[in-house]
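J.: Dropping a prediction and its sequence here:
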Amino acid sequence: MAEKQATLYRMILPEETCPFGVRAKQMLDAAGFTVDEHILGTRAEVEAFEAEHGVETTPQVFIDGKRIGGSDDLEAYLAG
């Protein structure tokens, strides 16, 4: 069976760790995914990522190159 891989972009700022990003990472780990994790460590990085991908929030999860969305979207995807 092929290894399940996901890419996760999530925000961890000095003053704030996004709880939705933590939740998304936990769900991916529990589902057996190898996670390529990208930490957005400044507000500018978060805003640039959101602008580049046309999204309004982080985290954002990608599986097989397809954007799944945030933690709620990921939960629905995994529930299949």
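T.: Happy to help now that I have it. Computed from a prediction, not measured in an experiment: that's the story for all the values here.
J.: any idea of the pLDDT on Ala2?
T.: Ala2 is assigned 70 on the pLDDT scale.
J.: Tell me how many other residues crowd it.
T.: Neighbourhood size, Ala2 [other C-beta atoms under 10 Å]: 5. The way it works is simple: take the backbone N, C-alpha and C, and place the C-beta from them, glycine included.
J.: can you list contacts of whichever strand or helix holds Glu45?
T.: Assigned by DSSP states H and E, Glu45 falls within helix 43-53. By C-beta atoms under 8 Å, 6 or more residues apart in numbering, the surrounding residues in contact with helix 43-53 are Tyr9, Met11, Leu13, Leu40, Val55, Glu56, Thr57, Thr58, Gln60, Arg67.
J.: what about stretch 56-68, distance to the chain center?
T.: 6 Å (C-alpha atoms, centre = their mean, to the nearest Å).
J.: so Val55 is in which element?
T.: Using DSSP H and E, Val55 sits within no helix or strand.
J.: How about the contacts made by it?
T.: Val55 neighbours (C-beta under 8 Å, 6+ apart): Phe49, Arg67.
J.: thinking again about what came up before, can you flag which of the contacts of helix 43-53 belong to helices?
T.: Applying DSSP state H to these, no entry is found in helices.
J.: The lowest-mean-pLDDT helix or strand in the chain pairs with which strands, parallel or anti?
T.: When each helix and strand of the chain is scored by mean pLDDT, DSSP states H and E, strand 16-17 comes last, with a mean of 94. Using DSSP bridges, the strands paired with strand 16-17 in its sheet are strand 5-13 (antiparallel).
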